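Visitor: my questions are about this predicted structure, shown below with the sequence.
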Amino acid sequence: MALTKPIKSLWEIPREERFVGGHAACQGCGAALVLRHLTKVVGKDAIIVNATGCMEVISTLFPRTAWRNPWLHLAFENAGAAASGVEAALKALQRKGVLDKNRYIKVVAIAGDGGTFDIGLQSLSGMLERGHDVMYVVYDNEAYMNTGIQRSGATPYGAWTTTTPVGKKFRGEWRPKKDIVGIAYAHRIPYIATANPAYPIDMINKFVKAYNTRGPSLVHVLTPCTPGWRIPESKTIEVAKLAVQTGMWVLLEIENGKPKVTVKVRKRKPVREYLKMQGRFRHLTEEDIKKIQEMVDKYVEEINRWVGEEAIGPVEE
């Protein structure tokens, strides 16, 4: 059964495993951890629509599968479109009496940042605009990791990738990360959230709300990638937590257009602590780090103004 109410402790997480062992994810994979929790929330009455990407490749090595839910694999760019079609088909089958009208079956679309921010943005926008009853989960490892660590629209400023190398003219990614939450917000959908596996209760409760929302919902989850971020396999959660503690990742929830910060940070750690743990930022100079700190400070100021309180505080001395 799907979770229908928020949890208060980790002991309340369902014990049943629906994303099971035997997959081929890297040790320390943040996305695989997120999917394990997600499937515990949605239970058996959910159809998973999974775009091509890391989580599709590692979970369905023929003839095996790590999924214990009905699961549909589709192209890189059309998770939103395929999920819309499945949701419309379910409604048609219920109208015709083929499926029980009183049984609620949720369509859950899963895609990475490349399949969401970039090549899947058009189909996502169509799904949100049409109002399909679909829960869309973005696992964001901040690059096209499955195909060789190429930059995506989610790659943060200054990060090394194979397509944003460190050279004399450009020193890693020179563009800021795309605001997918702002894009979803512009569609006026009922529920949007950001999540982080280092804060599992917050993440699970956002999954619960998104699942139980009637209409489109989007949950944007930070998922550290050990080879792509060049971090030790044992440091996934530590790095993810630092993203929140430094203000690089703000845990937001937007219900019916009203935003709030769900995990407040009264004193932020300097972004240096987050950047220095990752090999993809190893090339940054003091001037580069200062610029990123200024970018984060401005972002935090905008968030505080938006939610109407100082939910994210200044950098600690």
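Guide: Perfect, thanks for sending it. All values derive from a computational prediction rather than experimental measurement.

Visitor: contacts and neighbour counts: CA atoms only from here.
Guide: Will do.

Visitor: extract the C-alpha trace of stretch 188-208 and format it as PDB.
Guide: C-alpha atoms of stretch 188-208 as PDB (Å, rounded to 0.1, in the frame of the first residue of the first chain):
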ATOM      1  CA  ARG A 188       0.900  26.600 -11.900                       C
ATOM      2  CA  ILE A 189       0.800  23.000 -10.900                       C
ATOM      3  CA  PRO A 190      -0.500  22.000  -7.400                       C
ATOM      4  CA  TYR A 191       2.700  20.600  -5.900                       C
ATOM      5  CA  ILE A 192       6.500  21.100  -6.400                       C
ATOM      6  CA  ALA A 193       9.300  20.200  -4.100                       C
ATOM      7  CA  THR A 194      13.100  19.800  -3.800                       C
ATOM      8  CA  ALA A 195      14.500  16.900  -1.800                       C
ATOM      9  CA  ASN A 196      17.800  15.400  -0.700                       C
ATOM     10  CA  PRO A 197      18.600  11.900   0.500                       C
ATOM     11  CA  ALA A 198      20.600  13.300   3.400                       C
ATOM     12  CA  TYR A 199      17.300  14.400   4.800                       C
ATOM     13  CA  PRO A 200      15.200  11.200   4.400                       C
ATOM     14  CA  ILE A 201      12.100  12.100   6.400                       C
ATOM     15  CA  ASP A 202      11.800  15.400   4.600                       C
ATOM     16  CA  MET A 203      12.300  13.600   1.200                       C
ATOM     17  CA  ILE A 204       9.800  10.800   2.000                       C
ATOM     18  CA  ASN A 205       7.100  13.200   3.200                       C
ATOM     19  CA  LYS A 206       7.500  15.100   0.000                       C
ATOM     20  CA  PHE A 207       7.100  11.900  -2.000                       C
ATOM     21  CA  VAL A 208       3.900  11.200   0.000                       C
END
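
Visitor: would you confirm that residue 164 contacts residue 156?
Guide: No. If you go by C-alpha atoms under 8 Å, residue 164 and residue 156 don't touch, sitting 11.0 Å apart.

Visitor: got any residues that touch both of these two?
Guide: residue 173 (C-alpha atoms under 8 Å, 6 or more residues apart in numbering).

Visitor: which of the residues in stretch 250-262 are buried?
Guide: For stretch 250-262, the neighbour count (16 or more other C-alpha atoms under 10 Å) marks 250-255, 259-262 as buried.

Visitor: hmm, which two among those are most spread apart?
Guide: For the buried residues of stretch 250-262, the farthest-apart pair by C-alpha to C-alpha is 250 and 255; their separation is 15.9 Å.

Visitor: run the chain-centre distance for the host helix or strand of residue 240.
Guide: Element membership of residue 240 [criterion: DSSP states H and E] is helix 236-245. Helix 236-245 has its C-alpha centroid displaced from the chain centroid by 14 Å (C-alpha atoms, centre = their mean, to the nearest Å).
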